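Student: Quick one: sequence and predicted model below, then my questions.
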Amino acid sequence: MNLTIIVPTYNEAPNVAELVRRVAEAVDTTDTEILFVDDSTDATPDVIREVAASAPLPVRMIHRDDPSGGLGGAVVEGMRAAASDVCVVMDGDLQHPPEEIPMMEHRFRRGDVDLVVASRYVGSGDAGGLADKWRVLVSRGSTALTKAMFPIRLRNVSDPMTGFFLVDRTAIDLDGLKPRGFKILLEILARKPLRVAEVPFAFADRHAGESKASFTQGVHFLLQLTMLRFGKMSLFAFIGALGAVANLAIMWALTHMGVEYIWAAIIASEVTIVGNFLAQERFVFQDMREDASGVWSRFAKSFAFNNCEAVIRIPIMAAMVQGWHISSVIAAAITLMLAFVVRFLFHSLVVYAP
Ligand code: GDD
Ligand code: MN
């Protein structure tokens, strides 16, 4: 097999037959396979089996019961299972025209690149299929933000958010990828320097069905950017900072409702401790949960640590003010920063210890 075309699908039943037909017309059917990686909850898997039975090229499917990592996770799983090292990744709704595949492959076979990006923003490329002005704005804005955060790695890439590309899987470290949500190409580009070429393509309208892009996908994207750029600790800090703001807001609300301030502070702290734990579980340590102890044990450790921390920090602060003659605000800032580092270490090394 010379080429594997990986197609992630989530409820794309009305698009499968047309996609396979157009791919088969466009490529050399003797040495190309199509590999669907499907997380659907509708009849898509049945349709894929039916189409595969009479297709003029090999069509395989992996149906995942645990759709971890979403679209990106599906693509990585497809790359692992591909019969060929050379993989094309494309959407299952025909927004990525299969007729462009030979051009991408042709560019790759020149032998000087690891990755060929099909771009909407180069040469004759066109983003026409973005549904409305709002999506165009979001796409443009997030592309600019991403390029600004990775100025060197993405210097030669005009469309890091595209879902249409060809990659030589031997050039990337599949185990090092941490796919979350839609932007798997960004993950690949940011993790390791690669030799990249671009070819233009026109982003078409969806053949049938509805887009799965959502607000949640946008949040995943921002978290992915933060992680790629600054690592786990920054995400931990970001969520911790949100928690601190929530803490103050709850305290403010409770005191306005007439709750005495000591009680308001205690309630607000406990609520944020629990809220922070849930957010860190979901967004920061999600890849470490599986190998760690059970959720109640993790919660008990985290909860105990945060409560001890609050109790210990105050006498330490007092000692600093007395001993070093510094202002209480500076003492508070120092202890908060120390507490943050210790908290991060405790969570990575103890709470989520394998
Ligand atoms: N396996 C799997 N699991 N596939 C998924 C999932 C999932 O959780 N979510 C979406 N897909 C599949 C869809 O079925 C489709 O084939 C493809 O991923 C893209 O999803 P769309 O719902 O069509 O998203 P889009 O058109 O808004 O997003 C496209 O454009 C973006 C750039 O504007 C995609 O190409 C993105 O990759 C691209 O970044
Ligand atoms: Mn689409």
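Tutor: Arrived safely. Ligands and ions are numbered 1, 2, ... in the order given.

Student: give the contact list for residue 263.
Tutor: Residue 263 sits next to residue 254 when contact means CB atoms under 8 Å, 6 or more residues apart in numbering. The way it works is simple: take the backbone N, C-alpha and C, and place the C-beta from them, glycine included.

Student: For the residue nearest to the spatial centre of the chain, give its distance to ligand 2.
Tutor: With distances taken as CA atoms, centre = their mean, the chain has residue 180 as the residue nearest its mean C-alpha position (2.7 Å). With the distance defined as CB to the ion, to the nearest Å, residue 180 ends up 18 Å from ligand 2.

Student: what's the answer for residue 164, then?
Tutor: Relative to ligand 2, residue 164 is positioned 10 Å away (CB to the ion).

Student: Next: residue 20.
Tutor: Here the distance between residue 20 and ligand 2 works out to 17 Å (CB to the ion).

Student: For the helix or strand containing that residue, what does the pLDDT average out to?
Tutor: Under the criterion of DSSP states H and E, residue 20 resides in helix 16-26. Per-residue pLDDT over helix 16-26 has a mean of 97.

Student: from the chain's centre, how far out does the helix or strand following that helix sit?
Tutor: For helix 16-26, the succeeding helix or strand toward the C-terminus, using DSSP H and E, is strand 32-38. Chain-centre distance of strand 32-38: 22 Å, with CA atoms, centre = their mean, to the nearest Å.

Student: Same check on stretch 234-248?
Tutor: Here stretch 234-248 shows a centroid-to-chain-centroid distance of 20 Å under the convention CA atoms, centre = their mean.

Student: Pull out the buried positions in that stretch.
Tutor: Across stretch 234-248, burial judged by 16 or more other CB atoms under 10 Å covers 235-240, 243, 246-247.

Student: can you list contacts of it?
Tutor: Defining contact as CB under 8 Å, 6+ apart, one finds that stretch 234-248 is touched by 223, 226-227, 268-269, 271-272, 275-276, 279-280, 283-284, 340, 343-344, 347.

Student: hmm, back to that, what's the residue nearest to the centre of the chain in contact with, if anything?
Tutor: When the contact criterion is CB under 8 Å, 6+ apart, the partners of residue 180 are 69-70, 72-73, 220, 223-224.

Student: Residue 269 now?
Tutor: If you count contacts by CB under 8 Å, 6+ apart, residue 269 has them with 247, 310.

Student: Checking it next. Helix, strand or coil?
Tutor: Using DSSP: H, G, I helix; E, B strand; the rest coil as the criterion, the local structure at residue 269 reads helix.

Student: Use 4 as the first number for this chain going forward.
Tutor: From this message on, residue numbering opens at 4, which makes the last subject residue 272.

Student: just to revisit the earlier point, does ligand 1 sit close to the helix holding residue 23?
Tutor: No - counting by CB under 6 Å from any ligand atom, no contacts exist between helix 19-29 and ligand 1, the nearest distance being 8.9 Å.

Student: In PDB, list the C-alpha atoms belonging to stretch 138-148.
Tutor: Included here for stretch 138-148 are C-alpha records, laid out as PDB according to Å, rounded to 0.1, in the frame of the first residue of the first chain:
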ATOM      1  CA  ARG A 138     -16.800  31.500  11.200                       C
ATOM      2  CA  VAL A 139     -14.500  33.400   8.800                       C
ATOM      3  CA  LEU A 140     -13.700  35.800  11.600                       C
ATOM      4  CA  VAL A 141     -13.100  33.000  14.200                       C
ATOM      5  CA  SER A 142     -10.900  31.100  11.700                       C
ATOM      6  CA  ARG A 143      -8.800  34.200  10.700                       C
ATOM      7  CA  GLY A 144      -8.500  35.300  14.300                       C
ATOM      8  CA  SER A 145      -7.400  31.900  15.700                       C
ATOM      9  CA  THR A 146      -5.000  31.400  12.800                       C
ATOM     10  CA  ALA A 147      -3.400  34.800  13.600                       C
ATOM     11  CA  LEU A 148      -3.200  34.000  17.300                       C
END
